[in-house]
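Participant: Below are the sequence and a predicted model for it; my questions follow.
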Amino acid sequence: MGTFFRQRPIRIPLLVLTVIAAAAVVPIWAYREWAGVLFAVVAAAALAAAWRMEEKTYKETERHIENLSYRMKKVGEEALLEMPIGILLVDDRFTIEWANPFMTQLLEYDTLIGEELSGLSEDFRSFAKEDAEHEGVVSLGNRKYKVVHKPEEKLFYLFDITEQLEIETLYYADRTVLGMILVDNYDELASGMDDQTKSRLNSLVTTLINDWGAEYGIYVKRFSSDRFLAVLNESILHELEKDKFRILDAIREETARESSALTLSVGIGADSGSLPELGELAQSGLDLVLGRGGDQVAIKQPSGRVKFYGGKTNPVEKRTRVRARVISHALRDLIQESDKVIVMGHKLPDMDAIGASVGVRRMAQMNNVEGYVVIDFDELDPSVTRLMEQIRSEPDLFRHFITPDEAHSLITERTLLVIVDTHKPSFVIEERLLQKAEKTVVIDHHRRGEEFIEDTLLVYMEPYASSTAELITELLEYQPKGDRLSMLEATSMLAGIIVDTKSFTLRTGSRTFEAASYLRSNGADTVLIQRFMREDIATYLERADIIRTVEFFGEGIVIAHGEDGEPHSPVLIAQTADTLLTMKGVNASFVVADRPEGRIGISARSLGDLNVQVITERLGGGGHLTNAAAQLEAGSIAEALSMLKEAINESTEGGTDQ
């Protein structure tokens, strides 16, 4: 009875109504007999009709449910067997136990039972490692399938997404890309030409760029004497990347024949559906290229990822005395508005970082502001140690050298923090100072990388300069005339120039000699510099042990390495790379060795035919076309060598990613 009413709950209120009707008959009968009889007849008829209606409705509903259940079961069976969705059941070893007919027909097997899942596609191997429900894409034949894996049921669903992926590919290939093209040094070169020569050069550049655009289907519009706008799509961009943007070489070579060696700097914005954002990315990429010396292409995406192409030539000097004077005056104003100046270079500072820091501290003194140099005395190579020992002998200068902790306690809202010889926040001696400083200035001579110190008041980056010490020397000439540089200050700065130029043999321009002349006139002692740079016999033999491992990797490229567990100073690693570059038949050298702090260091040198900067950038480093370095977290020298060789191959075959 209980089951009967639970299955047909509508009978409960009918039963209640029946009881109520029966109870109502008694008082009505007692009042009027004929009324009681009439009420009983009507109530009985109504209740009988309700019971018959309920019975009919119940049976119709039951028949409908039975019919619907049958149809659903049939549809489920047909869906399981006929729908174009692959279904696989596997065992614990990922061997197929059952597959629906769609999978069997798809793979043209008589039966899939007993087949290994990885035998159908290697893509299935990744699913074996997943314990939770997981989705992925596998290739079967020439088609792509979205796979849903349910580990608890040991079940796989496969959905054909080949057409969807093709549509997505077409969509992304047709997305708009914007490019900003700048002809480097055009105005400077054209200003000294007669009208006929200028017209010929202008026509040559325009023709080369327009022909390049027409070849690839790019819309190119010149909107100023040295700037072009390029509109293309992603598929065209991929073709340009395959050809490594040979327009760079074409412009350089063709204009060189006209005795007017011009180069192009190109910033490209990609991977966005917003035209304003593409424009901003293109301009940002162009700024990045100009900060790296020009003659390059930077492809920038909203994610921050950047790819570089080109950079095969040494940067042409573009800075002027006017710019140096303007920067010097701006820096003077910032110094005078500050309560103190704190100068900081990069970790494991070299001669250039120390010399530049000394120069900025003197600049603060010229403006009657106290200046300090941040240095970690536990991280100094032998040559810098000798320089610091000499500085220690002059208490008036040495008292301005402070530790990172002391600097952190001295800095205030009005303190000016000047970063020299680096622009990457991860490279500075103490990154906490960047976070605390309200006013920051960056002065550097390295090509700009994507990682950059943010919220700076003033940036003076000149990749055309030999060293940061050279830049600081020029700025000093426009500061208030007061006390001259001391002999040791001038010597420190000249040492930075000499070390970075390898005794005026690399990256040396006329301005370099002018800066050296200024420092020499202020008492710089070249004999003392030689004493700083001297090495002992043990260091010489240590370098010789590394050179003994040298091997050629491609034409003109040599690689040498130290042994696992034998740390070498960064200076020695760099000196070894310099030594290898002096050997006959060597155009580029790489040295890999353990560093004292536990990481593996790579020093790279080149005569200019190979851009070692883009190679080290792939490994997280940077530098110049001919002089660069990187630090790796590799577990062994062998692993670091493998990473280096892969980076060399990738960089010589195509662009560089960041």
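Facilitator: Now that the structure is in, tell me what you want to look at.
Participant: what's the host helix or strand of Glu135 in contact with?
Facilitator: Here Glu135, judged by DSSP states H and E, is contained in strand 134-140. Identification of contacts with strand 134-140 by Cβ atoms under 8 Å, 6 or more residues apart in numbering yields 106-107, 120-121, 123-124, 126-127, 144-149, 151, 158, 161. Every residue, glycine included, has its C-beta placed from N, CA and C.
Participant: Give me the subset of those residues that lies in strands.
Facilitator: Counting by DSSP state E, the part of the contacts of strand 134-140 found in strands is 144-149, 158.
Participant: Just the buried ones out of those, please.
Facilitator: Restricting the ones in strands among the contacts of strand 134-140 to buried positions leaves 144-145, 147, 149, 158, with burial counted as 16 or more other Cβ atoms under 10 Å.
Participant: which SS class is the residue nearest to Pro302 when sequence neighbours are not counted?
Facilitator: Nearest residue to Pro302, sequence neighbours excluded (Cβ to Cβ, 6 or more residues apart in numbering): Ser272, at 5.2 Å. Secondary structure assignment for Ser272 (DSSP: H, G, I helix; E, B strand; the rest coil): coil.
Participant: Got the confidence number for Ser272?
Facilitator: Looking at Ser272, its pLDDT stands at 89.
Participant: repeat for Trp29
Facilitator: Note for Trp29: predicted pLDDT of 64.
Participant: still on that earlier bit, I'd say the residue nearest to Pro302 and Gln301 touch.
Facilitator: Yes. Contact criterion Cβ atoms under 8 Å: Ser272 and Gln301 qualify, at 7.4 Å.
Participant: which neighbours do the two share?
Facilitator: Common contacts of Ser272 and Gln301 (Cβ under 8 Å, 6+ apart): Leu281.
Participant: Would you mind telling me which of these two has the busier surroundings?
Facilitator: With neighbours defined as other Cβ atoms under 10 Å, Ser272 and Gln301 compare such that Ser272 has more, 20 against 15.
Participant: For the more buried one, give its distance to Leu278.
Facilitator: Applying Cβ to Cβ, to the nearest Å, the value for Ser272 to Leu278 is 5 Å.
Participant: Likewise for Thr403?
Facilitator: Distance from Thr403 to Leu278, by Cβ to Cβ: 47 Å.
Participant: Could you check which of those two is surrounded by more residues?
Facilitator: Under the criterion of other Cβ under 10 Å, the comparison of Thr403 against Leu278 puts Leu278 first, with 23 against 15.
Participant: Provide a list of residues in contact with the more buried one.
Facilitator: By Cβ under 8 Å, 6+ apart, the contact list for Leu278 reads 176-178, 269-270, 272.
Participant: mind exporting the host helix or strand of it as CSV, just the C-alpha atoms?
Facilitator: Applying DSSP H and E as the criterion places Leu278 in helix 275-291. The C-alpha trace of helix 275-291 is given here as CSV (Å, rounded to 0.1, in the frame of the first residue of the first chain):
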residue,chain,number,x,y,z
LEU,A,275,44.7,48.7,-34.3
PRO,A,276,45.6,51.3,-31.7
GLU,A,277,47.4,48.6,-29.7
LEU,A,278,49.2,47.4,-32.9
GLY,A,279,50.4,51.0,-33.5
GLU,A,280,51.7,51.3,-29.9
LEU,A,281,53.5,47.9,-30.2
ALA,A,282,55.1,48.9,-33.5
GLN,A,283,56.4,52.2,-32.0
SER,A,284,57.6,50.5,-28.9
GLY,A,285,59.4,47.9,-31.0
LEU,A,286,61.0,50.7,-33.0
ASP,A,287,62.1,52.4,-29.8
LEU,A,288,63.6,49.2,-28.6
VAL,A,289,65.5,48.7,-31.9
LEU,A,290,66.9,52.3,-31.7
GLY,A,291,68.0,51.6,-28.2
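Participant: That one - what's its average pLDDT?
Facilitator: For helix 275-291, the mean pLDDT works out to 87.
Participant: buried stuff in that helix?
Facilitator: In helix 275-291, the ones that count as buried by 16+ other Cβ under 10 Å are 278, 280-282, 284-291.
Participant: Send me the host helix or strand of Ala560 as PDB with only the CA atoms.
Facilitator: Using DSSP H and E, Ala560 sits within strand 557-561. Extracted in PDB, the C-alpha atoms of strand 557-561 (Å, rounded to 0.1, in the frame of the first residue of the first chain):
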ATOM      1  CA  ILE A 557      83.300  29.900 -34.300                       C
ATOM      2  CA  VAL A 558      85.200  28.400 -31.300                       C
ATOM      3  CA  ILE A 559      84.000  27.200 -28.000                       C
ATOM      4  CA  ALA A 560      86.100  26.400 -24.900                       C
ATOM      5  CA  HIS A 561      85.000  25.400 -21.400                       C
END
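Participant: Many thanks, have a good one.
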